[in-house]
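J.: what follows is a predicted protein model with its sequence.
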Amino acid sequence: MRSKIEKASKIAVKDLNLFYGEKQALYGVSLDIREKEVTALIGPSGCGKSTFLRTLNRMNDLIDGVKITGDIIIDSENIYKNNDVIKLRTKVGMVFQKPNLFPMSIYDNVAYGPRMQGIKNKKELNKIVEESLRGAAIWDEVKDRLKSSALGLSGGQQQRICIARAIAMKPDVILMDEPTSALDPISTLKVEELITNMKKDYTIVIVTHNMQQAARISDKTAFFLNGEVVEFDDTDIIFSTPRDQRTEDYVTGRFG
Ligand SMILES: Nc1ncnc2c1ncn2[C@@H]1O[C@H](COP(=O)(O)OP(=O)(O)OP(=O)(O)O)[C@@H](O)[C@H]1O
């Protein structure tokens, strides 16, 4: 019997299909993502993890010829029926595989989004920048060099600035697409620790190729194969007693 208390639903995905032109990349995906949990998406290369992640803040809208059917409900709002994509991307932030900071100072990188939202007051911006950098566990490392170029930081530091930049928009949900795959093991552990701490405030969905990482940091895991979700359950179940033979073969390293 499971003793865990289930958290409230944050994102309900119902029968989602996605086509890149003629090619179908997602088949009937249905998932219920709980708030303030970390949900990991795993599966072999090309199985649709990133495609699925990008549907959650409509990043695929930017690609020509993409067609989507089905529903994604975030906080009781159908995101494909409401066309306020800017509001959606504020609420559902994203961190990419490689740090993608702008060639400007650390401060300006983090203040960029809030400034775009019209916040000009210096005190208010200072507060947002400090809180975001603290939230991304990098304040102490950069507080004395906020005006220096962000591109002078190490890869691991840059990725935490990217997380700070996402936090500065005050999102509810943060999507992460293999956020540690370009980092060394020590930076990876720092970002993993950060993700674990962040889930008290945010709902996090993360694509990872690293099975140990999924096992270490996620509450729920979805195993994707050929555009379908084969199995979605508590992470400890997926990694110890999965129901589907294909999940077991994948998590034990028999393929992929
Ligand atoms: N912009 C695109 N146009 C056409 N096909 C695409 C596009 N992006 C992805 N695909 C295809 O959709 C399928 C799913 O790709 P996706 O990148 O979502 O997989 P993935 O599981 O994230 O892979 P990886 O782990 O290698 O990043 C693949 O067959 C891929 O070639």
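T.: Alright, I've got the coordinates.
J.: what about stretch 244-255, how long is it end to end?
T.: In terms of CA to CA, to the nearest Å, the two terminal residues of stretch 244-255 are separated by 14 Å.
J.: with stretch 71-85 instead?
T.: 15 Å.
J.: hmm, who's touching that stretch?
T.: When contacts are defined by CB atoms under 8 Å, 6 or more residues apart in numbering, stretch 71-85 is touched by residues 10-16, 55-58, 61, 68, 88, 91-92, 172-173. Placement of C-beta: from N, CA and C, glycine included.
J.: around the ligand, pick out the residues from the stretch 51-200 of the chain.
T.: If contacts are counted using CB under 6 Å from any ligand atom, the residues of the stretch 51-200 of the chain sitting beside the ligand are 51, 63.
J.: low-confidence stretches in the stretch 51-200 of the chain?
T.: Along the stretch 51-200 of the chain, the model assigns pLDDT under 70 to no residue.
J.: next step: the contacts of stretch 71-85 restricted to helices.
T.: Counting by DSSP state H, these place 55, 88, 91 in helices.
J.: tell me the most packed of those residues, by neighbour count.
T.: Looking at the ones in helices among the contacts of stretch 71-85 with neighbours defined as other CB atoms under 10 Å, the largest count falls to Thr55 at 25 neighbours.
J.: that one: what's it in contact with?
T.: Thr55 makes contact with 13, 16, 18, 26, 68, 72, according to CB under 8 Å, 6+ apart.
J.: same deal with Ala222?
T.: With CB under 8 Å, 6+ apart as the criterion, the residues that contact Ala222 are 31, 39-42, 229, 231-232.
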